[in-house]
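J.: Sharing a model that was predicted from the sequence below.
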Amino acid sequence: MSAGEWETVIGLEIHAQLATRSKIFSGSASGYGASPNAHANLVDLGYPGVLPVLNAEAVRMAVKLGLAIGAQIARTSVFARKNYFYPDLPKGYQISQYELPVVAKGALEIVLDDGSRKKIGITRAHLEEDAGKSLHEGLPGVTGIDLNRAGTPLVEIVSEPQLRSAKEAVAYMKKVHTLVRYLEICDGNMQEGNFRCDANVSVRRSGTEAFGTRAEIKNLNSFRYVEKAILYEVSRQIDVLEAGGRVVQETRLYDADKAETRSMRTKEEANDYRYFPDPDLLPVVLTDAFIEDVRRDLPELPDQKATRFSLEYGLSPYDALVLTASRELAAYYEEVAHAVSGEAKLAANWVMGDLAACLNRDGLEITASPIAATNLAALLRRITDQTISGKIAKEVFEAMWSSGKPADAIIEERGLRQITDVAAIERVIDEVMAKNPVQLADYRAGKDKLFGFFVGQVMKATGGKANPAELNKLLKAKLAG
Amino acid sequence: MSLHTMALAELAAGLRARRFSSVELTQLCLARIGAHGNALNAFVTVAHEEALASARAADTALAAGRGGALTGIPLAHKDIFCTAGLRTTCGSRMLDQFVSPYDATVVAKLKEAGTVLLGKTNMDEFAMGSSSETSYYGPVKNPWNTKLVPGGSSGGSAAAVAARLVPAASGTDTGGSIRQPAALCGITGLKPTYGRVSRYGMIAFASSLDQAGVLAKSAEDAALVLGAMAGFDPLDSTSVDVAVPDYTALLGKSLGGVRIGIVKEFFDAGLDADNARRVQEALGLFSRLGVALQDVSLPNLPLSVPTYYVVAPAECSSNLARYDGVRFGHRCKEPRDLQDLYRRSRGEGFGAEVKRRVMTGTYVLSAGYFDAYYLKAQKVRQLIAKDFRDAFAQVDMLIAPTTPTPAFEIGAKMSDPITMYLNDIYTIGANLAGLPAISIPCGFVRELPVGLQLVGPHFAEATILNAAHAYQRETDWHRQMPQGYA
């Protein structure tokens, strides 16, 4: 049997750390990189007698997300306790939302490979506190506990099981990643674990309705891991089923080194979390006025921006999507496009082409680009006003990248200004024709292919600076005799 | 009159007038604690040096004319309130060596008011009990008869006030833990409205029921202490931002025309006949004071005990999960692995009653039982709260006995938790509905004090304090002292 007869069903639970200044239930700073337990106060440590107080900013951020995905915002939501024992969980319970989450029933659209769009339902998004971390490295024989992360606000975004491939899952996760960064509610740093997901994966016979038994793959913190883990898991489940076995409902971990998923615990071993409303916290009651206030604060969202880019700059849907992948990239592009008005497509090609390649090569974010948007625009103006050719522009771009100098300075320094003077080009053409009588004769005898040879020779003699259009026209006339 | 029997207001006036110093008063209390504390086992920790240092500071303030209503008054705190630098055990081996790095809001407020902290009073372990027998530090004795329990869980505070070792003490009341020991020890005990006093720094038993309050010699004294304890606390999300009135100034109003409802369901078969008679006599007095008495029915009230014993254990099973031997509290020796650390630390650190409630609570929250127990109990709790609301549409407050019987013998009910739990049958309703309630002495049954209870609507502390004070102006039950402690 082939994999084509199986359909993959995936739902993602994305955990995004909210970029609040302090934790969700305590006044401790929330942030990454401090020495262990430097950001853990008595509330974070779960000391006897301490109580949680909700950070209103975290609620505001969750509502922002809810509005951005067209979801229902609960006028009343409730925090519950999820009870289990673990050393990095100081209170013995995690404060989360269970029956009444703050956000429910939203959706996001992803773009598939064939350019078509697919709507992915979002069941709910709820607020909760993150746990701490257990540390093993450099601690032989013992486990260290770092509670800096304990109490950091998270929004958990739960999708419907509507993703049908690893690629769709990645596209959806990227979409959410883009969105939370647009909303400035999460910095999206995946290496630091600020944006991660659990993937619920199952397979079923194509054409059947009932879901297969699912496995939950925990804690995937890169797009690549999400894709690889799902691909592995799907083929593992198909293998099990095709060998006549049954998929077990369980929690699995992805081992990036071995590129495989491994069983962590089965359903029977799973915790009974004994959720119940946290009596230390009142229900969160939101007024329409508050929600409208948050709505007014919403920035232009990625989809809105992409549509506008298509209309305003005449970009293809694909280009618009790429250029709106982050708020910073979109802002950069718009600055370039405005500065070279009328040449939005040229600006798009350069931002998505040379600039993106160099950023990628050097591992830089757009905000750290050595070439500012105004400088790139200045370079592009030199192409449009024919001071330099597109080919020379690439050389100038490289020089700008490494030296940080503006385009004009480099063009002058290196004498790259294009030769547009007809007499000057004609002079070079005459010299080249004189030096290559055999080729000239052949060309005139009908060997049209030699035209390129003459172009090359002229370019060589001018250091590539001859205006290509002008050269073509003049050369054709001269060769014709 | 000697200092240890004087009312708080008189003591405060004497301190301000420099008739005696806070150091003298504190030394007297410490001496009385020294003389009787051990026999009653009322204290877990006595803070001699700290108390005298605070007393000296209070005297300095008083000498400079900076004394407030409670400056220089010595008090004791139930050992459930966290006190910075002073051991806080919660009556448990689990916290035997625990020293809190911070003060509970109640402790901080009373410190700011200039009171002197004498020490920490003994209590049922984690406030789970009705007799102060479940303490890791042994049972507290009732000063009226040391073979008997003082009630619980605030039994140490009740015994200390009853024996006049301290002028007043803090307590907490989750199902009657202030009122029941106050009744059994012949003193006044006030449980305020849920949210009136901050729970921050008060070690949690059942968060939706726990409320800090006062054990004192009179309603007047209780009013004074409550004024200093109460108020909104941004650190406790369930505390309520309602202005704190001057409770003392609101005492002394006539009871003419005040409507008091007699809760029919509380005069049940479980109520001792003599105890019932004492309450009836009190009703007669209230009537003479101009109160309009009428019968009211709270039909769901008989369900309070089973409701409570689902809700409270459920919350406690979660609240006590933090005692895992990892960061603070008891840790077993040489744990083999994580499970062993958890099992032995908790197994060794908690006593039998705590374990029983943690297990009960874990059970009622478990998948498959949640709806039948926890959810149903929450529904009944709403019905009980509604019964009270309906009653307060007709009357200004309710009256009832505090306990079914006077104090019982130490050990008598320890092997029968259900009988023990039934001791709180009249007090639990106020906790489930979050209402303020006060227990005041109303006479004796077989030479033991018994109490009556006044329950008011939310934030009507002033109303019940005024009624209690009016009763105490006409009676001297609250002035009776156990023999040997005068």
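T.: In hand now; what should we look at?
J.: For whichever strand or helix holds B:P441, name the packing helices and strands.
T.: Applying DSSP states H and E as the criterion places B:P441 in strand B:437-445. If you count contacts as 3 or more C-beta pairs under 8 Å, 6 or more residues apart in numbering or on different chains; DSSP states H and E, strand B:437-445 packs onto helix B:179-185, strand B:188-191, helix B:219-229, helix B:273-288, strand B:448-455, helix B:461-474. (C-beta placed from N, C-alpha, C; glycine too.)
J.: please redo it, this time with the cut-off set to 6 Å
T.: helix B:179-185, strand B:188-191, helix B:273-288, strand B:448-455, helix B:461-474 (3 or more C-beta pairs under 6 Å, 6 or more residues apart in numbering or on different chains; DSSP states H and E).
J.: Show me what that strand pairs with in its sheet, parallel or antiparallel.
T.: Under the criterion DSSP bridges, strand B:437-445 sits next to strand B:188-191 (antiparallel), strand B:448-455 (antiparallel) in its sheet.
J.: got the CA positions of that strand in CSV?
T.: Extracted in CSV, the C-alpha atoms of strand B:437-445 (Å, rounded to 0.1, in the frame of the first residue of the first chain):
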residue,chain,number,x,y,z
ALA,B,437,-20.5,36.1,61.7
ILE,B,438,-19.7,36.6,65.4
SER,B,439,-19.9,34.1,68.3
ILE,B,440,-20.4,35.6,71.8
PRO,B,441,-20.7,33.8,75.1
CYS,B,442,-24.3,33.3,76.2
GLY,B,443,-24.1,31.3,79.4
PHE,B,444,-23.0,27.9,80.6
VAL,B,445,-24.0,24.3,80.1
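J.: Can you tell me what sits against that strand?
T.: B:179, B:182-183, B:186, B:188-191, B:274-275, B:278, B:282, B:402, B:406, B:430, B:449, B:451-455, B:464, B:468, B:477-478 (C-beta atoms under 6 Å, 6 or more residues apart in numbering or on different chains).
J.: Among the strands paired with strand B:437-445, which comes closest to B:E348?
T.: strand B:188-191 (32.7 Å; C-beta to C-beta).
J.: Next secondary structure after the closest one?
T.: strand B:212-216.
J.: in what helix or strand does the most centrally placed residue in chain A lie?
T.: Geometric centre of chain A, nearest residue: A:K174, 4.9 Å, by C-alpha atoms, centre = their mean. Element membership of A:K174 [criterion: DSSP H and E] is helix A:166-182.
J.: if we can go back for a sec, tell me the angle of the strand holding B:P441 relative to helix B:219-229?
T.: 150 degrees (axes from the mean of the first three to the mean of the last three C-alpha atoms, to 10 degrees).
J.: just how off-centre is strand B:437-445 within its chain?
T.: 14 Å (C-alpha atoms, centre = their mean, to the nearest Å).
J.: And the pLDDT for the one residue in chain A that gets nearest to chain B?
T.: Closest to chain B within chain A is A:G92: 2.4 Å, counting by C-beta to the nearest C-beta. In this model, A:G92 is scored at 97, pLDDT.
J.: how about it, what does it touch?
T.: A:85, B:321-322.
J.: Now flag whichever of those residues is closest to B:Q378.
T.: Nearest to B:Q378 out of the contacts of A:G92 is B:A321 (C-beta to C-beta; 20.4 Å).
J.: you'd agree the closest one is in a helix?
T.: Yes. Assessed with DSSP: H, G, I helix; E, B strand; the rest coil, B:A321 lies in a helix.
J.: For chain A, see how far away it is.
T.: Computed as C-beta to the nearest C-beta, to the nearest Å, the B:A321 to chain A distance reads 2 Å.
J.: Spatially nearest residue to that residue (excluding sequence neighbours)?
T.: Counting by C-beta to C-beta, 6 or more residues apart in numbering or on different chains, A:G92 is the residue found nearest to B:A321 once chain neighbours are left out, at 2.4 Å.
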